[in-house]
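Trainee: whatever this is, show me its structure:
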Amino acid sequence: MPEEATTKGRVVLVTGGSRGIGRAITERFVAAGHRVAATYRSGDVPEGALPVRCEITDPEQVEQAFTTVEAELGPVEVLVANAGITRDTLLLRMSEQDFADVVETNLTASFRLARRASRAMMRARFGRMVFISSVVGQLGSAGQVNYAASKAGLVGMARSITRELGSRGITANVVAPGFISTDMTAALPPEQVSEYQARIPAGRLGGVEEVAAAVEFLAGDQAGYVSGAIIPVDGGLGMGH
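Mentor: Coordinates of the predicted model:
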């Protein structure tokens, strides 16, 4: 794609846009002048974004969400699959439901979103898919067999989509955040946060805006030759993986 091309005004769909990393991503795309829709289950989405209530584990709700976005903003050109859950517990205590729920939300729903988004992207011969994974998808993490498996699966998904759809101008990439300052980490005991920081070469937790910046880059025309990649935003924690 020519350098002078611009993604200003692209239609962007962010899942899980009401809080944390998803909210920061939504805010960044809105600020950049894109037409942005954000799904949510509770709370609200940033001002300037089209709120779309959606349970991404429900195929009918996903279909309705895309129909709503297409009617209000136009076909989705940039998909950011961010919504996810955790059900942390040790392997011997993890129920099949704990495992299935996390994989369904984090991995299967991402497949569902990508499949639906690909229709318009293929017609337009342009598309950007960004999957929000995690450093534990490559490192592993005790008590997170389900979460790590679901986040690792996003890598295989993005790379397979790249091989299938790369010739149509569609890219699929993975952003893998490390320990990021969110409401969840703010609730942790200070000694636990200090333990995390000691493991991170950068010596600090990351900010949601740093993850959002990586996503914005991958969604842009300048990243048209970047596909099937894992972009770590983890302060060096997962380097080499």
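Trainee: so is the closest residue to residue 199 other than its chain neighbours in a helix, a strand, or just coil?
Mentor: Distance criterion C-beta to C-beta, 6 or more residues apart in numbering; nearest residue to residue 199, sequence neighbours excluded, is residue 237 at 6.4 Å. Every C-beta, even on glycine, is put in place using the N, C-alpha and C of the backbone. Following DSSP: H, G, I helix; E, B strand; the rest coil, we place residue 237 in the coil state.
Trainee: residues contacting residue 237?
Mentor: Shown in contact with residue 237 (C-beta atoms under 8 Å, 6 or more residues apart in numbering): 135, 139, 178-179, 199-201.
Trainee: by neighbour count, which of the residues you listed wins?
Mentor: Among these, the one with the most neighbours (other C-beta atoms under 10 Å) is residue 135, at 25 neighbours.
Trainee: and the contacts of residue 237, which two are the farthest apart?
Mentor: 139 and 201 (13.5 Å; C-beta to C-beta).
Trainee: which strand of this protein spans the most residues?
Mentor: Counting residues, the longest strand found in the chain (DSSP state E) is strand 170-177.
Trainee: packing partners of the following helix or strand past that one?
Mentor: Next along the chain after strand 170-177, taking DSSP states H and E as the criterion, comes helix 183-186. With contacts defined as 3 or more C-beta pairs under 8 Å, 6 or more residues apart in numbering; DSSP states H and E, helix 183-186 has no helix or strand neighbours.
Trainee: what does helix 183-186 rub up against?
Mentor: Outside helix 183-186, the residues touching it (C-beta under 8 Å, 6+ apart) are 19-20, 179, 193, 196, 205.
Trainee: so for it, mean pLDDT?
Mentor: Across helix 183-186, the average pLDDT comes to 76.
Trainee: then that helix to PDB, C-alphas only?
Mentor: Written as PDB, here are the backbone C-alpha positions of helix 183-186 (Å, rounded to 0.1, in the frame of the first residue of the first chain):
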ATOM      1  CA  ASP A 183      -7.900  -1.900  38.200                       C
ATOM      2  CA  MET A 184      -7.000  -5.600  38.700                       C
ATOM      3  CA  THR A 185      -3.400  -5.000  39.600                       C
ATOM      4  CA  ALA A 186      -4.200  -2.000  41.700                       C
END
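Trainee: so how far is that helix from its chain's centroid?
Mentor: Chain-centre distance of helix 183-186: 18 Å, with C-alpha atoms, centre = their mean, to the nearest Å.
Trainee: now the helices for this protein?
Mentor: All helices of the chain, identified by DSSP state H, fall at 20-31, 59-72, 96-103, 109-124, 136-139, 145-165, 183-186, 190-199, 208-219.
Trainee: dump the ones you listed into TSV; add distance to residue 52 as well.
Mentor: Shown next, in TSV, are the helices of the chain (distance: least, C-beta to C-beta, whole Å):
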stretch	distance to residue 52
helix 20-31	11
helix 59-72	5
helix 96-103	22
helix 109-124	12
helix 136-139	27
helix 145-165	22
helix 183-186	22
helix 190-199	33
helix 208-219	18
